[in-house]
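K.L.:
Predicted model and sequence below, questions to follow.
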Amino acid sequence: MLSADALALLSPLLTDARQLSATVAMAGCSLVLLATGGRYRERLHLSALDDLPAIASRLLVATAGVATLVGLRGGPSAVATFLENCATAAVLLVAGRAATMRLIRWRRERGYGVRRTLMMGGGPLAAELADVLDNHPGYGLAVVGFVDDNRDRPASDVVPWLGRLSDVDSVVRNIGADVLIVTPDAGTECALLDLLRTPQCLTCDVFAVPRLYHLHIHPTPIDRIGPVPVVRVLAPNLSRPWRAIRRAVDAGVCGLALAVLLPFVGASRRHRGRLWTVLRGGMSLVGPHPDRPDHIASVSNRYECYRLRGRARAGLTGLAQISALNGHVSTHDRARYDNYYIENWSLWLDVKIVVTAVAHAIGRR
């Protein structure tokens, strides 16, 4: 899909190469906007018309930005030519996407590129989805079975029971599953978080059915199976490549603070010690609230989500801390904030947390 879009956006150069830089800039901006909007993730339900509003809005943004620069340099006539070229490229892009989706659907219906799928949960909805996927191969998913703590569930009338929910990691490995579909009756929030972050499950594409899937949900899910909306569950943002970048930022900031800032502010030995700990890699600038090992062990037995905080190093500050949850409050709530931070981490989120923490410290003074 990406190459087809690129060819369509660059097609005006075949007939008019005078605006080479403008056409390339418009194509580059459009592809970036489409990629950041998730338009190049593999879709289950293929429809060029469903994608059309999102695609048109991104093309308009890219066209408007580049057209402004073209107008400043070449005047109205240059803008008119550029807009004509953009209109041609947009039509070709939509037509190319429709043709590509038709080809993908044709391949799926003939068994090419079909992915082995495991249902998590065995209720009536799981049975309905398995039946839809069996009768409509255009989705490209072949349901191999389901996992549930009770094998005598409605889904067993359609596909075989393969194990308990806690067995999902080994079942995925044994059957070679590529896709997981999580239904609302698959278990509690924390139990699912634990299961979906196992090594085997992290290699799968995961789709979840929202609990209120009968209602109009906003933002609208980007995919569906028959009449049932599904949302894609992404891998945690704080993955291995980003951990290295985050570690480099921690070391750079703390090194700068220790070398330049601290001698002038007369920081306490306690603060210097914490910065040294971050510099050595024992902590991060931003992360879950630090806890004693004995406290972690005792609390993890009562709160399923709590031990999952250990996926990231403890931080000098964090989302839970700036949300005033580091006092006598629910341990479960603190764990929710920490796990949200790990799942949705970004460098910008770290910047926001640090800025808010500094603002709170200044305010207390």
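P.N.:
All right, it came through fine. Residues are numbered from 1 along each chain as shown.

K.L.:
C-alpha from now on. contacts and neighbour counts both.
P.N.:
OK.

K.L.:
Could I get the contacting residues of Val24?
P.N.:
Residues in contact with Val24, defined by Cα atoms under 8 Å, 6 or more residues apart in numbering, are Leu10.

K.L.:
wait, I meant Thr331
P.N.:
Counting by Cα under 8 Å, 6+ apart, the residues that Thr331 touches are Tyr306.

K.L.:
Please report the distance of it from Asn339.
P.N.:
According to Cα to Cα, to the nearest Å, Thr331 and Asn339 sit 12 Å apart.

K.L.:
remind me, longest helix of this protein?
P.N.:
For the chain, the longest helix by residue count, based on DSSP state H, is helix 76-109.

K.L.:
Quick one: list the elements packing against the helix or strand hosting Ile245.
P.N.:
Assigned by DSSP states H and E, Ile245 falls within helix 240-256. Counting contacts by 3 or more Cα pairs under 8 Å, 6 or more residues apart in numbering; DSSP states H and E, helix 240-256 is packed against helix 269-280, strand 284-286.

K.L.:
and Pro53, how many residues sit next to it?
P.N.:
11 (other Cα atoms under 10 Å).

K.L.:
tell me the most buried of the helices and strands packed on helix 240-256?
P.N.:
strand 284-286 (a mean of 25; mean count of other Cα atoms under 10 Å).

K.L.:
Mind listing residues that contact it?
P.N.:
Here strand 284-286 makes contact (Cα under 8 Å, 6+ apart) with 247, 250, 278, 313-318, 350, 353-354.

K.L.:
What's the mean pLDDT across the helix holding Ile245?
P.N.:
Summarised as a single mean, pLDDT over helix 240-256 is 82.

K.L.:
ok, now stretch 290-303?
P.N.:
73.

K.L.:
and it, how far out from the chain's middle?
P.N.:
Distance, stretch centre to chain centre, for stretch 290-303: 29 Å (Cα atoms, centre = their mean, to the nearest Å).

K.L.:
what's the straight distance from one end of that stretch to the other?
P.N.:
Calculated as Cα to Cα, the first-to-last residue distance of stretch 290-303 is 17 Å.

K.L.:
Please apply the same query to stretch 209-224.
P.N.:
Distance between the two ends of stretch 209-224: 9 Å, counting by Cα to Cα.

K.L.:
again, but for stretch 108-124
P.N.:
26 Å.

K.L.:
Out of the helices and strands packed on helix 240-256, name the one with the poorest average pLDDT.
P.N.:
Lowest mean pLDDT of those: helix 269-280, a mean of 78.

K.L.:
orientation of that one relative to helix 240-256 in degrees?
P.N.:
In terms of direction (axes from the mean of the first three to the mean of the last three Cα atoms, to 10 degrees), helix 269-280 departs from helix 240-256 by 140 degrees.
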